[in-house]
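Peer 1: Okay, predicted coordinates and the sequence, questions at the end:
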2 protein chains.
Amino acid sequence: MNTKQRQRQVKPAEVRLDELVTAAQALFLDKGVDATTVGDIVERAGVAKGTFYHYFNAKTDLLPALRERFTHRFLERVSAAVEACGVDDWPGRLTAWFTSSLHAYQVDFQLHDLVYAGHHHDRDNPDLDAVVGQVEAILRDGGDAGAWPVSDWQRLATMAYWSMHGLADAAIARGGVDSDELGAFLSRRFLAMLRGVEN
Amino acid sequence: MNTKQRQRQVKPAEVRLDELVTAAQALFLDKGVDATTVGDIVERAGVAKGTFYHYFNAKTDLLPALRERFTHRFLERVSAAVEACGVDDWPGRLTAWFTSSLHAYQVDFQLHDLVYAGHHHDRDNPDLDAVVGQVEAILRDGGDAGAWPVSDWQRLATMAYWSMHGLADAAIARGGVDSDELGAFLSRRFLAMLRGVEN
């Protein structure tokens, strides 16, 4: 056993798995899934090919792990921004949700497009449910606390998510998202919706 | 020349083209693009294979024609519903936009999914611009007529479109869209947004 092999062996399994996922992410983003080989991935990760095949059957088996990583990072970033607001500052928490979602989407949109290519019409999508659930909790808890009067949290959360997503895509097409400005705009319009008269 | 061939020849070009597009749509929806052959399409359309190759190089060349047909039908249906409202009934026109968009999407969602598979992240999408432009015109003209005070029509139209689309997808995942009920809900919430105080 040479030194290189010994170094490989002492790494815990989750570290090697993480290195494979990180290597695949960089290669998929750089040259696309089609042009990336398993050989490229293990070389970049510095692990043996056998390690790859211990976890996966093919390179595309890494896509669910990348999807999970994207969603986890998105949820963590947004949660941190929301929790930085006062516990009773419901307009602030809603604004933080919009601003940090736009920012997280802008930062990772190439990864987003990679892992969700073709997933647009998976109408049963637990990742989407988790992200929508975050803003739904803010809307519901704010309503319970008396910050706004309406109900229908799930529908309003779906509207908030897709409004954010659609405006982020439009802004990216024009060159980039100003997440503070656009987040403040979205929050103002949603607060008007939540508090406005209906007719 | 036999009778069948003579019948083919007397049809105008646009009719034969339309028959090819109609045949391809039925076959693509029924068994998928991959399993459909050019032979299947010409047989169903009742045209010669040479006619197909006069217009197209491959079966996938029919997808842009199907996309155009989907968008054209969507715009026509929505336009008819909006124009059935009074010219000064801006809340009614907005409600008609939501209700008829939901209905048009529900009726044709399998075709929508077929022609827009993988098009989710074409951020530069003229079909999308045309559909969003329809609701943008209602919002802007209603604003000009004094029905609501806000500006930012393009952003609000993008929010209206994606709110409709996201709630339609969620409803389809649960079994179907009640376009009258959901359209009325969306219109009420958007009217509150358009007329509500901001803070």
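Peer 2: Done, it's in. Source: prediction; values computed, not measured.
Peer 1: list the contacts for residue A:136?
Peer 2: Taking C-beta atoms under 8 Å, 6 or more residues apart in numbering or on different chains, we find residue A:136 in contact with A:153-154, A:156-157. The C-beta positions use only the backbone N, C-alpha and C, and glycine is treated the same way.
Peer 1: From those residues, pick the one nearest residue A:46.
Peer 2: Closest to residue A:46 out of those is residue A:157 (42.4 Å), distances taken as C-beta to C-beta.
Peer 1: Against residue A:164, how distant is the closest one?
Peer 2: Per C-beta to C-beta, to the nearest Å, residue A:157 is found 11 Å from residue A:164.
Peer 1: Next: residue A:86.
Peer 2: 22 Å.
Peer 1: ok, now residue A:55?
Peer 2: 34 Å.
Peer 1: Based on its surroundings, how many neighbours for the nearest residue to residue A:62 once chain neighbours are set aside?
Peer 2: Nearest residue to residue A:62, sequence neighbours excluded (C-beta to C-beta, 6 or more residues apart in numbering or on different chains): residue A:24, at 4.3 Å. Around residue A:24 there are 27 other residues, counting by other C-beta atoms under 10 Å in any protein chain shown.
Peer 1: Would you mind measuring from residue A:24 to residue A:116?
Peer 2: 16 Å.
Peer 1: didn't residue A:29 look like it was pressed against residue A:114?
Peer 2: Yes - counting by C-beta atoms under 8 Å, residue A:29 does reach residue A:114; the two are 6.3 Å apart.
Peer 1: Among these two, which residue is more densely surrounded?
Peer 2: residue A:114 (19 against 15).
Peer 1: I'd like the mean pLDDT over the helix or strand hosting that one, please.
Peer 2: In this structure, residue A:114 sits in helix A:109-116 according to DSSP states H and E. Mean pLDDT, computed over helix A:109-116, is 84.
Peer 1: Which other helices and strands does that helix contact?
Peer 2: helix A:13-31, helix A:63-83 (3 or more C-beta pairs under 8 Å, 6 or more residues apart in numbering or on different chains; DSSP states H and E).
Peer 1: repeat that for 6 Å
Peer 2: helix A:63-83 (3 or more C-beta pairs under 6 Å, 6 or more residues apart in numbering or on different chains; DSSP states H and E).
Peer 1: how far off helix A:109-116 does the helix it packs on point, in degrees?
Peer 2: Here helix A:63-83 runs at an angle of 130 degrees relative to helix A:109-116 (axes from the mean of the first three to the mean of the last three C-alpha atoms, to 10 degrees).
Peer 1: Just the C-alpha atoms of stretch A:35-52, please, in PDB.
Peer 2: Taking only C-alpha atoms (Å, rounded to 0.1, in the frame of the first residue of the first chain), the coordinates of stretch A:35-52 have been written out as PDB:
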ATOM      1  CA  ALA A  35     -18.900  15.400 -21.300                       C
ATOM      2  CA  THR A  36     -18.000  14.400 -17.800                       C
ATOM      3  CA  THR A  37     -16.700  10.800 -17.200                       C
ATOM      4  CA  VAL A  38     -16.500   8.800 -14.000                       C
ATOM      5  CA  GLY A  39     -12.800   8.900 -14.500                       C
ATOM      6  CA  ASP A  40     -12.800  12.700 -14.400                       C
ATOM      7  CA  ILE A  41     -14.800  12.700 -11.200                       C
ATOM      8  CA  VAL A  42     -12.600  10.300  -9.300                       C
ATOM      9  CA  GLU A  43      -9.400  12.000 -10.500                       C
ATOM     10  CA  ARG A  44     -10.700  15.400  -9.300                       C
ATOM     11  CA  ALA A  45     -12.000  14.000  -6.000                       C
ATOM     12  CA  GLY A  46      -8.700  12.100  -5.500                       C
ATOM     13  CA  VAL A  47     -10.400   8.800  -4.700                       C
ATOM     14  CA  ALA A  48     -10.200   5.300  -6.200                       C
ATOM     15  CA  LYS A  49     -12.700   4.300  -9.000                       C
ATOM     16  CA  GLY A  50     -13.800   1.500  -6.700                       C
ATOM     17  CA  THR A  51     -14.900   4.000  -4.100                       C
ATOM     18  CA  PHE A  52     -17.100   5.700  -6.700                       C
END
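Peer 1: so where's chain A shaky on pLDDT?
Peer 2: Residues of chain A meeting the criterion pLDDT under 70: A:1-10, A:118-124, A:197-199.
Peer 1: Having no further points to raise, I will conclude here.
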